[in-house]
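Engineer: could you work out the structure for the sequence below:
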Amino acid sequence: MNDYDALRDYLMRHKQAEFVLTFEQIEEIIGAALPRAANRASWWDSLRSPDIQMPQREACLAAGFKAMRMPDGASVRFTKLKSRRR
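Structural biologist: Purely as a prediction, here's the structure:
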């Protein structure tokens, strides 16, 4: 189990297509403090450098969401990815 499995599970249960969580709420969900790097917008960018594995990004994508740090620097917007129909 990685540190962000709880975030993935939370996102998977979430019904809204878009919502914002504060860093404090995310820390409560994962049961740990976020690293200092979480303050950087690039750390949350789900679509940046897909070849580099980052557990928080993998958790969001596995749940079907992209993440983007908000301009306030203390919260993250989660947006449901469009499902791909074949």
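Engineer: low-confidence ranges in the chain?
Structural biologist: Applying pLDDT under 70 to the chain flags residues 1-2, 46-52, 84-86.
Engineer: do a quick rundown of the helices in it.
Structural biologist: 5-13, 23-30, 41-44, 55-62 (DSSP state H).
Engineer: so of the ones you listed, which one's packed in deepest?
Structural biologist: helix 55-62 (a mean of 19; mean count of other C-beta atoms under 10 Å). (Each C-beta comes from the backbone N, C-alpha and C, glycine too.)
Engineer: got the angle between it and helix 5-13?
Structural biologist: Using axes from the mean of the first three to the mean of the last three C-alpha atoms, to 10 degrees, the inter-axis angle of helix 55-62 relative to helix 5-13 is 20 degrees.
Engineer: next, the angle helix 23-30 makes with helix 55-62.
Structural biologist: Inter-element angle recorded for helix 55-62 and helix 23-30: 80 degrees (by the same axes, to 10 degrees).
Engineer: quick one: which of the helices of the chain is nearest Asp72?
Structural biologist: Each of these was scored for nearness to Asp72 using C-beta to C-beta, and the closest is helix 23-30 (9.9 Å).
Engineer: who touches that closest one?
Structural biologist: Outside helix 23-30, the residues within contact range by C-beta atoms under 8 Å, 6 or more residues apart in numbering are Asp3, Tyr4, Ala6, Leu7, Tyr10, Leu21, Ala33, Leu34, Ala38, Ala74, Ser75, Val76.
Engineer: relative to Ala32, how far out is the closest residue in space to the second one that isn't next to it in sequence?
Structural biologist: Going back to what we said before, that points to Tyr4. Nearest non-adjacent residue to Tyr4, counting by C-beta to C-beta, 6 or more residues apart in numbering: Ala59, 3.6 Å away. The gap separating Ala59 from Ala32 is 13 Å, by C-beta to C-beta, to the nearest Å.
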